[in-house]
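Asks: please find the sequence and the predicted model below.
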Amino acid sequence: MSVEVPGEVRTERLVIRPVEAADAAAFLTWRSRPEVVKYMYQAPWTPELAEQKLATWSETRSFEKDGDAIQFAVARAESPGRLIGELMLKRAAGEGQAEVGWTFHPDVHGRGLATEAAAALLRLAFGHFGFHRVMARVDAENEASARLCARLGLRLEARLVENDKRLGEDAWASELDFAILDREFAAQSAV
């Protein structure tokens, strides 16, 4: 799928754009927090890792093969230079399949911004990129992301029991897999 990512998407309160290498310091403000990365199965980021990741991520602007992911930076419309979160859209294995993900700075939780951003990401996935099915993988203990999936109209399709270990923990974690089809998203968006 060689459709290029749009330069910027605006919602009522947000500006969403592809990440740039210069976003590393902003991403570090949430990715360096243990409570944020706990459900991402990774260690908190260091400044060096942030620079490395954002330099790599900023180079991907289309989907050439399964596993390619486009990362987006999210800011409030009134302060587009101050990032508050991130979105991920990944081409999954299988024709027309994609995966979405999101992470936001804890200071903006509870304001509906993640819901607004993720809904815009789904519009991009189905409308701009033409995916047929979009899924989200959520740690079963991440209740906020599970509720977000429900608000977006994604249905719970699977519960993978003790399928992975969180980094630094000696306990198994379970995963919830949510998904929505293009026609389902179109029907709920038309209401």
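Replies: That came in fine, so what should we check first?
Asks: need phi/psi at the residue nearest the centre of the chain.
Replies: Taking Cα atoms, centre = their mean, the centroid of the chain lies closest to residue 101, which sits 2.3 Å from it. Per-residue torsions, residue 101: phi -160, psi 160 (degrees, to the nearest 10).
Asks: now do residue 110
Replies: Here is the backbone geometry of residue 110 (degrees, to the nearest 10): phi 80, psi 10.
Asks: related to what we said a few turns ago, got a list of what the residue nearest to the centre of the chain touches?
Replies: By Cβ atoms under 8 Å, 6 or more residues apart in numbering, residue 101 lies in contact with 87, 88, 90, 136, 137. All C-beta atoms are positioned from the backbone trio N, CA, C, and that covers glycine.
Asks: do you know how far it is from residue 170?
Replies: 25 Å (Cβ to Cβ, to the nearest Å).
Asks: now the helices for the protein?
Replies: Ranges of helices within the chain are 24-31, 34-37, 47-57, 113-123, 143-151, 182-189, based on DSSP state H.
Asks: so which of those helices gets nearest residue 76?
Replies: Across the helices of the chain, the minimum distance to residue 76, taken as Cβ to Cβ, is reached by helix 113-123, at 7.7 Å.
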